[in-house]
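> Show me how the following folds:
(one chain, ligands or ions: 1)
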Amino acid sequence: MEWIKDRDETRGNGSPIKRLGTLAARCPRRKVQIMYKRKLGKTGPLVSALGLGCMGMSFSYPPFPDKHAMIALIRSAVERGVSFFDTAEVYGPFTNEELVGEALAPFREQVVIATKFGFDLDPKFDPRGMKGSPGLNSRPEQIKEVAESSLKRLKVDAIDLFYQHRVDPDVPIEDVAGAVKDLIREGKVKHFGLSEAGVQTIRRAHAVQPVTAVQSEYSLWTRAPEKQVIPTLEELGIGFVPYSPLGKGFLAGKINEHTTFDRTDIRNTIPRFTPEARKANQALVDLLGKIGERKRATPAQIALAWLLAQKPWIVPIPGTTKLARLEENIGAVAVELAAEDLQEIEHASAAIAIHGARYPENLERMTGL
Ligand SMILES: NC(=O)c1ccc[n+]([C@@H]2O[C@H](COP(=O)([O-])OP(=O)(O)OC[C@H]3O[C@@H](n4cnc5c(N)ncnc54)[C@H](OP(=O)(O)O)[C@@H]3O)[C@@H](O)[C@H]2O)c1
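Numbers count the residues shown, from 1 in each chain. Sure, this is the predicted structure:
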């Protein structure tokens, strides 16, 4: 397999799939996989059309693989053209940023690393709510302290994209944006992002410091951002980064009602992942499988290709700990869904009622603020 990187989709010289087809036609014996780039919002950097979510390597989905294996996996992603990597202070906490920093140190100039601040961390307490409600802290002085620590853990001079992980109701968003603006002025941060913020917050933040990207959950079974968030981002020229684009693995079709998770896996707390809900929600995976058969693609590839087809400024960040799945997911950029395919997915998925909420109530309450 030959990996072709750095094709710039934004140059507008035909669809990436057509260009891939042209390339393959010119060299019929070469097995090529292309990775093209997208611009993250009007002011953002060019990044690979698919990023890599690194959270699951040290958080949320235990057991966690060996650190050296994950360093090798992240580097394999770079070799395959992935240039956008997602981490957060809270993943671990702290250890995921260290892992990403070590893995990407040799490729600093080629990659864009996004991290996040905003949880009130005590390493003895699981901030994701498995042992209680997570606390938030986006006070300006805290943001600046976190930035200093993240810079060290990531081994970089500047954080490429610094998201507020969750809106802190106790701190006006203008103060948060102001703190990030200061960090940008000092050269410690390049771009500002928000995660799971509501549209009023996005507008208020953007008025103080232009927001480059918003990261929220979005996939075929979590479509709430379509109502207000995506139209607002389009209007303001802000990029969108869908997290959990494979529905925390479910949409890839390898999880069924009999699958068991590690005792501390977050999916045990998610209503959508009860065995009954999984059984009912299988209908959506079956739909992806049906479309995939026609397109010679896997359900995961259809789920990602569907996201890529929604807007040219959407950059999903699927997470995996396995090389074969990384390659499978990258393969989604070569899956072109025609208007009829998209209509079929729209029509058929509208008839499937998703069972169970995407988050337990205490975590859902922290979103859309
Ligand atoms: N901003 C936020 O609040 C927030 C919240 C959650 C996540 N995120 C970010 O978004 C990234 C992605 O989200 P996510 O990890 O929650 O969910 P995801 O990407 O939808 O799914 C990850 C899960 O799918 C499995 N998987 C990946 N590719 C697969 C394939 N081709 N076939 C079968 N299974 C596959 C992975 O297992 P294996 O490892 O075994 O492959 C893992 O369990 C995270 O890494 C994190 O950086 C952000």
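> what is the mean pLDDT for the longest helix that the chain contains?
Longest helix in the chain, counting residues (DSSP state H): helix 275-295. For helix 275-295, the mean pLDDT works out to 98.
> Also stretch 335-345?
Regarding stretch 335-345, the rounded mean pLDDT is 96.
> going forward, begin numbering at 20 instead of 1
Understood, numbering begins at 20; the last thing we discussed is stretch 354-364.
> Now do it: distance to the chain's middle.
The chain centroid and the centroid of stretch 354-364 are separated by 22 Å, computed with Cα atoms, centre = their mean, to the nearest Å.
> Can you check what pLDDT the model gives the nearest residue to residue 178 once chain neighbours are set aside?
The shortest distance from residue 178 to any residue that is not its chain neighbour, by Cβ to Cβ, 6 or more residues apart in numbering, is 4.8 Å, and that residue is residue 208. All C-beta spots, glycine's among them, are computed from the backbone N, C-alpha and C. Each residue has a pLDDT score; the one for residue 208 is 98.
> these two touch, right, residue 208 and residue 183?
No - the pair residue 208 / residue 183 is not scored as a contact, 11.8 Å apart, by Cβ atoms under 8 Å.
> what's the overlap in contacts for the two?
Contact criterion Cβ atoms under 8 Å, 6 or more residues apart in numbering; residues shared by residue 208 and residue 183: residue 199.
> which one of the two has more residues nearby?
Using other Cβ atoms under 10 Å, the more surrounded residue of residue 208 and residue 183 is residue 183, with 28 against 25.
> Show me what the more buried one bridges to in the sheet.
Beta-bridge pairing of residue 183 under DSSP bridges involves residue 136, residue 213.
> gap between it and the ligand?
Computed as Cβ to the nearest ligand atom, to the nearest Å, the residue 183 to the ligand distance reads 10 Å.
> got it, and residue 285?
Applying Cβ to the nearest ligand atom, the value for residue 285 to the ligand is 8 Å.
> ok, for that residue, nearest residue in space, not its chain neighbours?
Beyond its immediate neighbours in the sequence, the residue positioned closest to residue 285 (Cβ to Cβ, 6+ apart) is residue 79, lying 4.6 Å away.
> That neighbour: neighbour count?
When neighbours are counted by other Cβ under 10 Å, residue 79 comes out with 19.
> ok, it to residue 282 distance?
Taking Cβ to Cβ, to the nearest Å as the measure, residue 79 falls 13 Å from residue 282.
> again, but for residue 103
Here the criterion is Cβ to Cβ. By it, residue 103 lies 32 Å from residue 282.
> Please apply the same query to residue 123.
If you measure residue 123 against residue 282 using Cβ to Cβ, the figure is 31 Å.
> higher neighbour count, these two?
More neighbours sit around residue 123 than around the other of residue 123 and residue 282, counting by other Cβ under 10 Å; the figures are 25 against 7.
> Which secondary structure elements does the helix or strand harbouring the more buried one sit against?
When secondary structure is defined by DSSP states H and E, residue 123 falls within helix 114-123. Helices and strands touching helix 114-123, as assessed by 3 or more Cβ pairs under 8 Å, 6 or more residues apart in numbering; DSSP states H and E, comprise helix 86-98, strand 131-136, helix 159-173.
> quick one: the longest one to helix 114-123, angle?
When you say that, I think you mean helix 159-173. 40 degrees (axes from the mean of the first three to the mean of the last three Cα atoms, to 10 degrees).
> If anything else comes up later, I'll come back, but that's it for now.
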